[in-house]
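Trainee: Quick one, fold the following:
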Amino acid sequence: MDMASRTRSAAERIVLGLCVLFALTPASVQASAVDTYYEHTLMSAADARCHLFAPQLSTALNVAKALSRGAALRSGIDEQVLADTGARAERRAAIEPCNSADLATVADREKSGFEVFSRLQAVSYKGDFRTWWVKRQSSASGRVWNLYQPAEFGSDALTFGIAGSSGVSELITVAQFADGATPYVVRLVIRDKTRAARPYLDQRTARPGGKIPLSGRVTPRGATEAFLAEAKFAPDPLIRPANKNAAIGYRFPPAAARAIASLDPREAIEIEFIFSSGGNYQVRKAYIEVGDFAAGRAFLVVAQR
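Mentor: Residues are numbered from 1 along each chain as shown. This is a model prediction of the structure:
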């Protein structure tokens, strides 16, 4: 397919993406996963070189790119195939003239499609087990959830994600412990990409039907990095769980959010709560599905610009 044909195809599919894709799960995309990823990467790279779009629309394209990458990986496409596809798209974008009539046509259509996308206030991205809920909201009187995933672990429960207050975003978790215990250490355990280039997906743990549980998607400890919670706080009213059980909030460093956003959507991370009583130690583990965390994070950036 020549550049003009690819560009027209990209225009049609990305406009659809701006109107629909951002509000739905990646599984709703009708085009093949690799082609969709190629097209989003092509337009994002052309925009970076030629400044085709306003910053908000550029970020919206990055949302589409992240979603299409996640859809491709979940459909079984190898990471190296996607890397090669992305490189091919970027090479093509590098040689297309910025004053190309095809690019101008795409730009005009993108701007029209973005008007619909910019009015969306909430989306959800469903994974294999969990859903990321995303809301464009803010408050000057305390934290509100912007990107979050609820999880239960044993008798305990938590919500994990990004909360905002007065324009400041934080990666936090709000946890409830059924026995009222308080951990003395809380940490996120994430794949260290310098020691493990690929996600760990343990097929030995697969359930009937082939789906690997979240516990089988966590990288072995020798190839992980840990981010300790840097602060403990009483949850603000708007992020406090609905039930009356006591809850504790923990804030993690910004670097942890960046690390999660770089992971494969198929993998999981651990939140470890470490307790000590009478010289005995106990670790309670909660699993968070990475899913489309990166796309949700990019969606929020659009609202902030």
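Trainee: Every contact and neighbour count from this point should use C-alpha atoms.
Mentor: Noted.
Trainee: Residue ranges of each domain in the protein, please.
Mentor: As given by automatic domain parsing, the domain ranges for the chain are 3-120, 126-294.
Trainee: If you average pLDDT over each of the ones you listed, which is lowest?
Mentor: Mean pLDDT values for the domains of the chain show the minimum at domain 3-120, a mean of 71.
Trainee: what are the ranges of the helices in the stretch 51-200 of the chain?
Mentor: Using DSSP state H, counting those that start in this stretch, the helices of the stretch 51-200 of the chain run over 55-74, 79-95, 101-118.
Trainee: wait, what's in contact with Glu79?
Mentor: Shown in contact with Glu79 (CA atoms under 8 Å, 6 or more residues apart in numbering): Leu73.
Trainee: and Gly278, how many neighbours?
Mentor: Residues near Gly278, counting by other CA atoms under 10 Å, number 5.
Trainee: where does the residue most central in space within the chain fall, phi/psi-wise?
Mentor: By CA atoms, centre = their mean, the chain has its centre lying nearest to Phe293, at 1.3 Å. Note on Phe293: backbone dihedrals following degrees, to the nearest 10 are phi -60, psi -40.
Trainee: Begin at 12, not 1, for the rest of this chat.
Mentor: With 12 as the first residue, the last one maps to Phe304.
Trainee: isn't it right next to Ser273, touching?
Mentor: No. Phe304 is beyond contact range of Ser273, at 9.2 Å (criterion: CA atoms under 8 Å).
Trainee: For the closest residue to Ser226 other than its chain neighbours, list each beta-bridge partner.
Mentor: Leaving aside its sequence neighbours, Ser226 sits nearest to Tyr298 (CA to CA, 6 or more residues apart in numbering; 6.8 Å). Assessed by DSSP bridges, Tyr298 has beta-bridge partners Glu281.
Trainee: What are the neighbouring residues in contact with Tyr298?
Mentor: Ala162, Phe164, Leu225, Ser226, Ala279, Ile280, Glu281, Ile282.
Trainee: Tell me how many other residues crowd the second one.
Mentor: Spelled out, it's Phe164. Count around Phe164 with other CA under 10 Å applied: 12.
Trainee: One more: the third one?
Mentor: If you count neighbours by other CA under 10 Å, Leu225 ends up with 24.
Trainee: Verify the stated contact: it with Ile299.
Mentor: Yes. Using CA under 8 Å, Leu225 is in contact with Ile299, at 7.5 Å.
Trainee: which neighbours do these two share?
Mentor: Shared contacts of Leu225 and Ile299, defined by CA under 8 Å, 6+ apart, are found at Ala279.
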